[in-house]
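> Whatever this is, show me its structure:
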Amino acid sequence: MKNIISVGVFIFVLANFSLAQKLPFEFGEIPPDQLKMTQYEKDSSAAAVVLVDYGQTTMQYLQSEGFVLLFERLTRIKIFTKEGLDHANFSIPLYHSGNSDEKLSGLKAVTYNLENGKVIETKLKNDAIFKEKQDANVDVMKITLPNVKSGSIVEITYKVQSDFLFNFQDWEFQSAIPIMWSEYRARMPEYFNYEKYMQGYVQLAENETTKGRNSIIIHSKERSEGNLTRTTFSDDKIDFQETMFRWVAKDVPAFKPEPFITTARDYISKINFELSFTKFPDEPIKTYMGSWEDINKTFAESPDFGGEVTGNNFLKKTVEEITIGHDSPEDKIGAICNYVKQTIAWDGTNRKYVSKSLKKVLDEKKGNSTDINLLLASMLEKANLIVYPILLSTRDHGFVREATPVSSQFNYMVCMVRLGEKHILLDATDKYLPIGTLPEKCLNGNGLAISKDGSEWIKLLPPGKSKKIVNTELVLDEAGELKGKLQIDRTGYYAQGSRKDYSSKGETDYLKNFQSSRSWKISKSEYQNTSELQNAFKEIHEITIADHVTSAGEMIYLSPFVMDKEIENPFKLETREYPVDFGSPFDNMYVIKITIPDNYIVEELPKSKLIALPNGAAKYYLDVAQMGKTINISSGLSVNRSLFTQEEYPNLREFYNQMLAKQAEQIVLKKNNK
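Have a look, this model is predicted:
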């Protein structure tokens, strides 16, 4: 009897796979006019300009590894000034996980200088390349090109081969300097489906999608056994459809970070890719992106996440001890949260899973953000409180796109305790924040509450406004010197920052820092509530100010704002492409009482005024009153929303212009010779 055994070893050859296609830009082919450039005509202030940034990602099949991604890049930059020299430094991130890592190859880099009409090339040396660890899964190859100076052109090309099909290279069409030509191409076999989404405000000059046919030749062999053993070889050709994409942006202006944004990553013009699913012949669809409920289930059932909350029964005894005498749920939350804050130090790193057992976290008294906050969640659970871990993205990591369910959008976690209809957000990494207040870096849209009963989006909001109140009582003498008392009360994030500085620097250095930008003499200072986080942080100073008054003959000119005056409008551009994100609402109040000399009279006072934005979004007031020799001025800025759209920007900018104009008005005194 004859047995036929098929040997499952195939050699895939991509007959028409154009990995080696000619690039539209060739390394080393530098146009002479670019070497002679002295400035970029579309932005004469630019310290450097990207002449060409070209990339392409294709997919090939390797017998030993299966399908892999191959990313190729060529970048050419012209340096104009010394300020542009940093753009001769390049970083190439390489992802790794387990025993697999992305592989860098074909690295070439050259600096070109025009000297006495001749092009001088200086090639990259090995000692200018080094590897730096970015995080647990990413290493960065740092490359510094040699002999770079004003007028140089630097050029680099390289390839990255990746086994990680989910890590399809994103592409940025914009950078910190202008870009003359940015082009990205991608080729995707029909077996792979990637979600693609654009962000930013740069209009593409070209956006092409074409489809074509390609093929794979499968070489296989079969061996028969019986009276006579035979091996037969066969070739099978598999045709498949391939989609080719091409995106081009021309004359892209530099991305200039503006005040009050989360991170440039949210607004820089780029295209992003996420692997949605794969479908191979005669195989079922394999989903990668899934849904938020899939992600919730993964985290809820993970022993390194949800399992840490319900497990760790050894914590029960500790929880019982630290909650003795705390009967209400709020008191128990406070006692447990304060215990974790004071016991465990944050090591400064963020992760989505624990790095070690919670017992080890307690023993070492140190951990990453998830180590600490899952310890907090587990202890709250042992106190019979309803607690949920919440996954979020910090402001510097970028906002979460809820339409794209991938867990890589998260980089941090906090806790939430539900008490009836209300919930309390908690983070134990910062011991200077009161209970119920998240670090300001966490105020970034919504977070995903993880539960075995299903996920829920939770708004990441502060419990109230941050407030700063400055109260000043000063007496002006004829020599133009102001003496008196200054008190500052801070709550919310204002208090957190001051407490952290006060604790880390000590009282002496804290005071030196306070005085560093002021020509004041402080004879006495007092600080209150330095550790009582639920109360306002107070500082009281007895001050003498000798340089705040201008005298001209019989006239004295005095600005009533000895502090908390806006120096300049942070919104300088007439139009803005990005929302204004203050992070959280805030109130700044300033009250001053000035007693003038007996032989002076008031010639002119600032006029009282109220400025408001539509729908109560923000308000500024200045109230001025005189009673005999005493001038009373109160000023208040209230920003009642954290986010303002681009359409609201002109009104917000004008609001600040008018506020600055009011704060610039002076008190004018005239000597009374009668």
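> now for the helix or strand I372 falls within, which elements pack on it?
In this assignment (DSSP states H and E), I372 forms part of helix 369-382. With contacts defined as 3 or more CB pairs under 8 Å, 6 or more residues apart in numbering; DSSP states H and E, helix 369-382 has these neighbours: helix 306-310, helix 315-322, helix 329-343, helix 358-364, strand 386-392, strand 412-419, strand 422-426. All C-beta spots, glycine's among them, are computed from the backbone N, C-alpha and C.
> which of the residues in that helix are buried?
369-382 (16 or more other CB atoms under 10 Å).
> Stretch 112-129 now?
Those would be Y112, N113, L114, T122, L124, I129, for stretch 112-129 by 16+ other CB under 10 Å.
> In strands only, show me these.
Y112, N113, L114, T122, I129 (DSSP state E).
> and the first one, what is it in contact with?
With contacts defined as CB atoms under 8 Å, 6 or more residues apart in numbering, the neighbours of Y112 are I30, L35, V119, I120, E121, S152, I153, V154, E155.
> Now it: closest residue in space that isn't a chain neighbour?
Excluding the flanking residues, the one nearest Y112 by CB to CB, 6 or more residues apart in numbering is I153, at 4.4 Å.
> swap in the last one?
If you skip the residues right next to it in sequence, I129 has I143 as its closest partner in space, 5.5 Å away by CB to CB, 6+ apart.
> How about the fourth one?
Leaving out its chain neighbours, the residue that sits closest to T122 by CB to CB, 6+ apart is N147, at 4.0 Å.
> Look at the residue nearest to I129 and say how many residues are nearby.
Neighbourhood size, I143 [other CB atoms under 10 Å]: 19.
> okay, the angle between the helix holding I372 and strand 422-426?
140 degrees (axes from the mean of the first three to the mean of the last three CA atoms, to 10 degrees).
> so helix 369-382 versus strand 412-419, what angle?
Using the same axes, to 10 degrees: helix 369-382 against strand 412-419 is 20 degrees.
> so where do the strands sit in the stretch 451-600 of the chain?
Shown for the stretch 451-600 of the chain, the strands assigned by DSSP state E, counting those that start in this stretch span residues 456-459, 466-476, 482-490, 520-528, 537-545, 549-552, 555-558, 580-581, 586-595, 600-604.
> got the domain boundaries for the chain?
In terms of domains, the chain is parsed into 3-20+30-191+199-259, 292-459, 466-671 (source: automatic domain parsing).
> about what we covered before: how about the ones in strands among the buried residues of stretch 112-129, which pair is most distant?
L114 and I129 (25.8 Å; CB to CB).
> Now the spatially most central residue of the chain. Nearest residue, chain neighbours left out?
Using CA atoms, centre = their mean, the residue of the chain that lies closest to the mean C-alpha position is D396, 1.2 Å off. In this structure, D396 finds its nearest non-sequential neighbour in T263, 4.9 Å apart by CB to CB, 6+ apart.
> nearest to A335, of the strands of the stretch 451-600 of the chain?
The nearest among these, by CB to CB, is strand 537-545 at 22.2 Å.
> What average pLDDT does that closest one get?
In this model, strand 537-545 has a mean pLDDT of 96.
> Any chance of the backbone angles for D127?
Taking degrees, to the nearest 10, you get phi -70, psi 0 for the backbone angles of D127.
> Pull up the gap between it and D101, please.
23 Å (CB to CB, to the nearest Å).
> go on, Y557?
From Y557 to D101 the distance is 68 Å (CB to CB).
> And V549, by the same measure?
67 Å.
> So between these two, which is more surrounded?
V549 (19 against 16).
> what sits against that one?
L476, G480, E481, L482, I556, Y557, L558.
> Name the nearest of those residues relative to K317.
Using CB to CB, those come closest to K317 at L482, 59.6 Å.
> For that closest one, list each beta-bridge partner.
L476, I545 (DSSP bridges).
> and it, what does it touch?
L474, V475, L476, I543, T544, I545, A546, H548, V549, V562, I594.
> Highest neighbour count among these?
Busiest of the contacts of L482 [other CB under 10 Å] is L476, holding 24 neighbours.
> Quick check, pLDDT for N126.
Residue-level pLDDT assigned to N126 equals 88.
> And it, its phi and psi?
Dihedral angles (degrees, to the nearest 10) for N126: phi -60, psi -30.
> related to what we said a few turns ago, what's the lowest-pLDDT member of the contacts of V549?
G480 (87).
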